[in-house]
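Enquirer: what would the 3D arrangement of this be:
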Amino acid sequence: MTQLAPSILAADFGHLASEVQACEQAGAQRLHVDVMDNHFVPNLTMGPDVVAACRRACRLPIEVHLMVERPDGILPAFVAAGAGLLTVHYEACPQLHRSVELVRRQGARVGVGINPATPVASLVDILPEVDLALVMSVDPGFGGQDLLPSSLGKVRRLVRLLEEMRLSCEVELDGGVDAANAAECARAGATVLVAGTAVFHAEGGTGAGVTCLLERLRGASGGAA
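Expert: Numbers count the residues shown, from 1 in each chain. I've put the predicted structure just below:
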């Protein structure tokens with residue numbers, strides 16, 4: 001079944017530990033941390049200390065999505081804080097292979113993300129080196145945006161490309177995922193869905209948001225657990 005990665009960008013930071021624990025208790029498979037620097041994207045968010053706080057609060061795998069310019073210098077701090085996977089952006093790394101190798105040297109898994117206007121073909125040379133390919137389904141920077149329908153076509157093209165290259169790589173979709181479109185995203189081929197507002201601002205609370213999305217994903221996979 002497609003996995004759910006709640007993005008704490010939409011969480012109540014005054015109660016971060018309980019928010020993260022609610023995600024874990026409701027069955028989310030991993031936690032997504034959006035790091036923004038107000039340069040690569042027009043927002044400023046969180047650093048390694050927040051990752052460390054999440055690590056203390058739950059046992060979920062933590063993935064860090066680095067939407068920052070030239071991330072190489074801060075990679076080790078996020079791994080030390082407890083991140084098990086770091087995703088850098090194709091558009092933000094002048095020496096992308098070097099950045100990917102730096103993550104590997106820290107002992108973490110590595111992903112590469114692309115913005116909505118960046119073609120899937122841009123990833124051809126780096127796909128053999130990564131564990132995860134992330135497709136942004138909104139222009140990154142802020143939560144609460146609507147999913148761009150064209151992103152589903154990008155997911156399908158990425159899945160076909162991975163099949164042609166005979167690669168095993170997670171395909172993550174990030175931005176605008178909610179209960180209305182989660183099943184369609186999964187059927188397009190996404191193996192991980194990032195959801196923030198749909199989880200943390202859900203009617204009934206965070207746990208209810210996770211449960212609702214997981215039910216949609218079970219339906220998309222034919223009811224498999």
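Enquirer: low-confidence regions, the protein specifically.
Expert: Along the chain, segments meeting pLDDT under 70 span 223-225.
Enquirer: kindly recompute the last result at 80.
Expert: Applying pLDDT under 80 to the chain picks out residues 221-225.
Enquirer: can you give me the strands in it?
Expert: Secondary structure of the chain (DSSP state E): strands at 3-6, 31-36, 62-67, 85-89, 109-114, 132-136, 170-174, 192-195.
Enquirer: adjacent strands (with direction) for the fifth one?
Expert: Each strand pairing with strand 109-114, determined using DSSP bridges, is listed with its direction: strand 85-89 (parallel), strand 132-136 (parallel).
Enquirer: now those as TSV including mean neighbour count and distance to residue 41?
Expert: (Each C-beta comes from the backbone N, C-alpha and C, glycine too.) Converted to TSV, the strands paired with strand 109-114 look like this (neighbours: other Cβ atoms under 10 Å; distance: least, Cβ to Cβ, whole Å):
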stretch	mean neighbour count	distance to residue 41
strand 85-89	27	9
strand 132-136	25	10
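Enquirer: can you list those strands in TSV and add distance to residue 39?
Expert: What follows is the strands paired with strand 109-114, written out as TSV (distance: least, Cβ to Cβ, whole Å):
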stretch	distance to residue 39
strand 85-89	12
strand 132-136	17
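Enquirer: is residue 72 in contact with residue 100, as I believe?
Expert: No. With contact defined as Cβ atoms under 8 Å, residue 72 does not count as touching residue 100 (10.3 Å).
Enquirer: neighbour count winner among the two?
Expert: It is residue 100, of residue 72 and residue 100, that has more neighbours when counted by other Cβ atoms under 10 Å, with 20 against 16.
Enquirer: isn't that one up against residue 109?
Expert: No. In this structure, residue 100 is not within contact of residue 109 by Cβ under 8 Å, at 10.6 Å.
Enquirer: all set now, cheers.
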